[in-house]
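Asks: Attaching a predicted model along with its sequence, questions to come.
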Amino acid sequence: MAHPSHTHPTKSIKTAGQRQKPSSSSGNPTTFDLIHPHCKTVRGKAEENGGAWLRAIFDSVPAGIIIIDPDRHVIVDINPAAANMFGEGQKNIIGSVCHKYICPAEVGQCPITDLHKKVDNAERVLLRAGGGTCPVIKTVTSVSIDGQAFLVESIMDITQRKRAEEQLVHDALYDNLTGLPNRALFMDRLGHALKRANRAENHGCAVIFLDLDRFKVVNDSLGHLVGDSLLKETARRLEGCVRPGDTVARLGGDEFVMLFEDVREVNAAKAIADRIQEVLSAPFLVGGSEIRSSASIGIALTSKEYQLPEEVLRDADITMYRAKALGKARCEVFDPAMRLEAAALLQLENDLRRALSMNELRIHYQPIVTLSDEKIVGFEALLRWQHPRRGLVRPEEFIPLAEETGLIIPIGEWVLRNACMQMKKWRDRGVEAMRMAVNISAVQLRQADFVDLLEGIVQETGMEPHLLDLEITESALMDRTAPLIETFARLRGRGVRICLDDFGTGYSSLSYLQGLPIGVLKIDRSFTINLQSAKENSKIIETILMLGKNLGAEVIAEGIETRAQLDYLKAIDCARGQGFFFSKPLDDKTLEAFIGIADKA
């Protein structure tokens, strides 16, 4: 309740309001009088009942208003809007000391008298009577009413604004899907950990960078909703692998990174990585499907060499890619040599991006022959790269990089078009019908427009589609998605044959052959070359021949280099083959001379 020694402020304000009457020195009506015919009447009522009029305004404004006795720090009046922010009724608040509703943290920062100095739009935190706090914007002014000094505080609740600001901060620092810290927050924490490690001799930390293996297959086959669920469940499992003070973050896609404080030894870091693999190996039940997952893990330990957190993350990333290249589902520890290799790989990528435009790609052709009479019946188009500094680069050195970067799409199209053009040129020069085999990447097969692209090339070059073989590896067949099966069906419908290259070295189960239009099985050269030294290879070759017969597929043996190998393959009724015994891969001009195409021009 208010102190009786003080005149109620609103009464004094009423009196002051009654003295302020609109006037006109000329006796003419004022602007206020002319705005509306009822204005004069309304003004008169306000002057006659000023206290009630001002009280109504005081109680109805949405902004909170508090009137304070500055000497006693007592609240002498408060409107309902402010009372709601305080969390209790007006009657309980009036007569209370101000600091009852001031957040203790703010009281400790400055004397109570300073909290009521004249301020303009200052942020403060109120302590609500029922518990909790209310952030406000405060403006404080001083007024003198009938010689009595008062402070008038105007406050506005900014809870919603603060929540919005907090949400913006959260969105900037945390991953929306998993709720884990994102790259920005992780790098901040890694930066602080690195500073501590560089200051203290016995302090260090480990960064573990992991990427889920074959996550794209999950997304493509089961859909992105299942993929997202797998990422969220992975995040929860990784959170269970860290201690208080450690950090697990999602960088994007299926990449996660973890920071472990006070881990200085390689063996300790490897033990953590093994634990992570164990946790991830348990089946995930998402979207009604059981999914098994693994991760490729790279480990980088901090040292005095590192000055920036980006350097540590870079080396952990490099190491993760090494683990993935070595077979996935494993961990590797960073070695400085990896950085040099990564730099060389980046240079190779940059060079490869220029190879097409600089006309550095070449196609060599290796003859395919009937073993009974050694007659040429076709060719395999083999890509080469004539590097300006490194010379002729073999495909195994750059094709994996091209697949990883997506460059295989334009490169593969170039090979397919040029091989078809070359065969059409030879046909136009009188060469009898021969088959042309072109290697196709699984990345190309996944392109929705691949068959349309092929049809366009066939029409453009005049290539006869029934003479075209597309060679794919076993790994391309592991992803038995509906789009892939449809692609094979469309290719068969156009007369194009599918050849399974390097057969016997990839996927261990033959179930993937069921229902697929495989026209050719190519025996991998590793079985042919070692026929004499490894007797079991002959059994494998005989089994592949029998399988080809049962599937109605032609069998071609690769890697024939000696007469003994040829004689053995002829003896077991292998019909066709290729290898250095007949010819190494040759460029078009050399091949034309080799088989006499030039004479038929």
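Replies: That came through fine.
Asks: Domains of the protein: list them as residue ranges, please.
Replies: Taking automatic domain parsing as the reference, the chain has its domains at 9-161, 174-334, 355-600.
Asks: now the strands for the stretch 1-150 of the chain?
Replies: For the stretch 1-150 of the chain, the strands identified by DSSP state E, counting those that start in this stretch occupy 64-69, 74-78, 122-127, 133-145, 148-157, in order along the chain.
Asks: On the strand side of things, show who C134 bridges to.
Replies: Applying DSSP bridges to C134 gives these bridge partners: L126.
Asks: any idea how far it lies from R124?
Replies: 9 Å (CB to CB, to the nearest Å). Where C-beta positions appear, they are placed from N, C-alpha and C, glycine not excepted.
Asks: Ok, P181 next?
Replies: Counting by CB to CB, the gap between P181 and R124 amounts to 31 Å.
Asks: Between those two, tell me which one has more neighbours.
Replies: Ranked by neighbour count (other CB atoms under 10 Å), P181 and R124 place P181 first, with 21 against 18.
Asks: where does the stretch 501-601 of the chain dip in pLDDT?
Replies: Applying pLDDT under 70 to the stretch 501-601 of the chain flags the ranges 506-512, 532-536, 598-601.
Asks: for it, what spans make up the strands?
Replies: Applying DSSP E, counting those that start in this stretch to the stretch 501-601 of the chain gives strands spanning 518-523, 554-557, 576-577.
Asks: Make JSON lines out of those and add distance to G504 and mean neighbour count.
Replies: Rendered in JSON lines, the data for the strands of the stretch 501-601 of the chain read as follows (distance: least, CB to CB, whole Å; neighbours: other CB atoms under 10 Å):
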{"stretch": "strand 518-523", "distance to G504": "7", "mean neighbour count": "23"}
{"stretch": "strand 554-557", "distance to G504": "11", "mean neighbour count": "24"}
{"stretch": "strand 576-577", "distance to G504": "15", "mean neighbour count": "22"}
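Asks: can you confirm M436 is in a helix?
Replies: No. Assigned with DSSP: H, G, I helix; E, B strand; the rest coil, M436 falls outside any helix and is strand.
Asks: is it in a bridge, and if so with what?
Replies: Applying DSSP bridges to M436 gives these bridge partners: F379, L468.
Asks: Using a markdown table, please lay out the strands of the stretch 501-601 of the chain together with distance to V257.
Replies: Formatted as a markdown table, the entries for the strands of the stretch 501-601 of the chain read as follows, by distance: least, CB to CB, whole Å:
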| stretch | distance to V257 |
| --- | --- |
| strand 518-523 | 42 |
| strand 554-557 | 46 |
| strand 576-577 | 50 |
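Asks: worst average pLDDT in the domains of the chain?
Replies: With a mean of 71, domain 9-161 has the lowest mean pLDDT of the domains of the chain.
Asks: coming back round to it: can you say which of the strands of the stretch 1-150 of the chain is nearest to K304?
Replies: Evaluated with CB to CB, the strands of the stretch 1-150 of the chain place strand 122-127 nearest to K304, the distance being 43.1 Å.
Asks: which helices and strands sit right next to the closest one?
Replies: In terms of contacts (3 or more CB pairs under 8 Å, 6 or more residues apart in numbering; DSSP states H and E), strand 122-127 is packed against helix 104-107, strand 133-145.
Asks: Can you show me the helices along the stretch 301-450 of the chain?
Replies: The residue ranges that make up the helices of the stretch 301-450 of the chain, judged by DSSP state H, counting those that start in this stretch, are 309-325, 336-355, 395-405, 408-428, 442-445, 450-461.
Asks: got those helices as a markdown table, with distance to P483 and mean neighbour count columns?
Replies: Below are the helices of the stretch 301-450 of the chain laid out as a markdown table (distance: least, CB to CB, whole Å; neighbours: other CB under 10 Å):
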| stretch | distance to P483 | mean neighbour count |
| --- | --- | --- |
| helix 309-325 | 25 | 21 |
| helix 336-355 | 27 | 14 |
| helix 395-405 | 18 | 16 |
| helix 408-428 | 16 | 19 |
| helix 442-445 | 9 | 20 |
| helix 450-461 | 10 | 17 |
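Asks: so can I have CSV of these showing distance to L477?
Replies: Putting the helices of the stretch 301-450 of the chain into CSV (distance: least, CB to CB, whole Å) gives the following:
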stretch, distance to L477
helix 309-325, 21
helix 336-355, 27
helix 395-405, 16
helix 408-428, 17
helix 442-445, 9
helix 450-461, 15
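Asks: Which of these sits closest to L371?
Replies: Put simply, out of those the one that sits nearest L371 is helix 408-428, at 22.5 Å, with distance taken as CB to CB.
Asks: ok, and what's touching that closest one?
Replies: If you take CB atoms under 8 Å, 6 or more residues apart in numbering as the criterion, helix 408-428 is touched by 355-356, 361, 363, 365, 379, 381, 383, 399, 402, 433-434, 436, 438-441, 443-444, 447, 453-454, 457-458, 460-464, 467-468, 588, 592, 597.
Asks: Please state the offset of stretch 155-165 from the chain centre?
Replies: With CA atoms, centre = their mean, to the nearest Å as the basis, the distance from the averaged C-alpha position of stretch 155-165 to the chain average is 33 Å.
Asks: same question, stretch 204-219
Replies: 11 Å.
Asks: Can I get that stretch as CSV, trimmed to CA atoms?
Replies: What follows is the C-alpha trace of stretch 204-219 in CSV, where atoms were taken according to Å, rounded to 0.1, in the frame of the first residue of the first chain:
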residue,chain,number,x,y,z
GLY,A,204,46.3,-32.6,-25.6
CYS,A,205,43.2,-33.6,-27.4
ALA,A,206,42.1,-36.0,-30.1
VAL,A,207,39.8,-35.1,-33.1
ILE,A,208,38.0,-38.1,-34.6
PHE,A,209,36.4,-37.5,-38.0
LEU,A,210,34.0,-40.1,-39.2
ASP,A,211,31.9,-40.7,-42.3
LEU,A,212,29.2,-43.3,-42.6
ASP,A,213,29.9,-46.0,-45.1
ARG,A,214,27.4,-46.4,-48.0
PHE,A,215,25.0,-43.9,-46.5
LYS,A,216,24.0,-42.9,-50.0
VAL,A,217,22.7,-46.4,-50.7
VAL,A,218,20.3,-46.0,-47.7
ASN,A,219,19.1,-42.6,-49.0
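Asks: Could you list the buried residues of it?
Replies: Buried residues in stretch 204-219, counted by 16 or more other CB atoms under 10 Å: 204-215, 218-219.
Asks: Out of the residues you listed, flag the one nearest to Y321.
Replies: D211 (8.2 Å).
Asks: what sits opposite the closest one in the beta ladder?
Replies: Counting by DSSP bridges, the residues bridging with D211 are E255, S296.
Asks: Skip the chain neighbours and tell me the closest residue to E153.
Replies: Computed as CB to CB, 6 or more residues apart in numbering, the closest residue to E153 that is not its neighbour in sequence is I66, at 4.3 Å.
Asks: That neighbour - how many residues pack around it?
Replies: So I66, with other CB under 10 Å, has 26 neighbours.
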